[in-house]
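Student: got a predicted structure plus its sequence, pasted below:
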Amino acid sequence: MARLLATWQKGDSDYLNIRDQLFEGETVETLYAQIKKFERAKGYA
């Protein structure tokens with residue numbers, strides 16, 4: 001998720017062209033775990 005946000009915020013690349021690289025090897029479960037970890041670190045959850 002962090003990689004996606006970092007790339008998306010830069011504005012100089014096309015998400016549709018790089019999404020396969022960003023999410024290679026990821027599943028819904030692994031992405032969910034990363035999001036929850038990020039939220040806990042930021043105090044959101």
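Tutor: Thanks, I have the structure now. Numbering: from 1, shown residues only.
Student: for the residue nearest to Ala2 when sequence neighbours are not counted, grab the count of nearby residues.
Tutor: Across the structure, with Cβ to Cβ, 6 or more residues apart in numbering as the measure, the residue nearest Ala2 apart from its sequence neighbours is Phe38 (6.8 Å). Just so you know, the C-beta spots here come from the backbone N, C-alpha and C atoms, and that holds for glycine as well. Phe38 sits with 14 neighbouring residues when counted by other Cβ atoms under 10 Å.
Student: correct me, but Phe38 touches Arg3?
Tutor: No - Phe38 is beyond contact range of Arg3, at 11.6 Å (criterion: Cβ atoms under 8 Å).
Student: can you give me the helices for this protein?
Tutor: Taking DSSP state H as the criterion, the chain carries its helices at 2-10, 15-22, 28-42.
Student: for Ala6, give its distance to Asn17.
Tutor: Taken as Cβ to Cβ, to the nearest Å, the spacing of Ala6 relative to Asn17 amounts to 16 Å.
Student: quick one: low-confidence parts of this structure?
Tutor: When the per-residue scores of the chain are filtered using pLDDT under 70, the ranges that remain are 7-13, 45.
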